[in-house]
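Peer 1: let me see the structure of the following:
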Amino acid sequence: MQDFPEFMKSYMNHIDGSQQNTPDIDGYYYEGKDGSQICFWTYFSDRESKENVHEFDEYVLCVSGEYVEIFNGEEHILHSGEELLVPKGVPHHGRVKKGTRTIHAFGGKRIV
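Peer 2: Predicted coordinates:
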């Protein structure tokens, strides 16, 4: 597949570019009754993220492309089908290549 299925890209679940401050990323989210969230992102350009910290665990699955998560002084390079857990409270940042698609599951509310 080259893109997420249309049913996953409901307008009501779209992550507004102003929420992300990143017009070159298209994202959608779903929220569980416990406040946890799953987000789907497509990246339209190479980019780097600023360091951030969450009060909850973050699970990352690279669907396609290349996604790099950096924490504890180590680069974790993910390709299609590879996954990673970023523990809560750990400062992390990363970079991504154009065309990459990822799924992130957050143990709390990431998108407000």
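Peer 1: hey, let's count contacts and neighbours off CA atoms from now on
Peer 2: Fine.
Peer 1: against residue 44, how distant is residue 98?
Peer 2: To residue 44, residue 98 is 5 Å away according to CA to CA, to the nearest Å.
Peer 1: before we move on, what about residue 65?
Peer 2: Computed with CA to CA, the distance linking residue 65 and residue 44 is 11 Å.
Peer 1: which residues are in contact with each of the two?
Peer 2: Shared contacts of residue 65 and residue 44 (CA atoms under 8 Å, 6 or more residues apart in numbering): 98-100.
Peer 1: hang on, residue 64 packs against residue 78?
Peer 2: No - in this structure, residue 64 is not within contact of residue 78 by CA atoms under 8 Å, at 9.1 Å.
Peer 1: and the strands in the chain?
Peer 2: Counting by DSSP state E, the chain has strands at residues 14-15, 25-31, 37-43, 47-48, 58-64, 66-71, 74-79, 83-86, 92-96, 101-106.
Peer 1: for this structure, give me the ranges with low pLDDT.
Peer 2: 17-22 (pLDDT under 70).
Peer 1: and the residue lying closest to residue 8 once chain neighbours are set aside, how close does it get to residue 64?
Peer 2: Excluding its sequence neighbours, the residue lying closest to residue 8 (CA to CA, 6 or more residues apart in numbering) is residue 28, at 7.5 Å. Applying CA to CA, the value for residue 28 to residue 64 is 17 Å.
Peer 1: swap in residue 13?
Peer 2: For residue 13 relative to residue 64 (CA to CA), the value is 21 Å.
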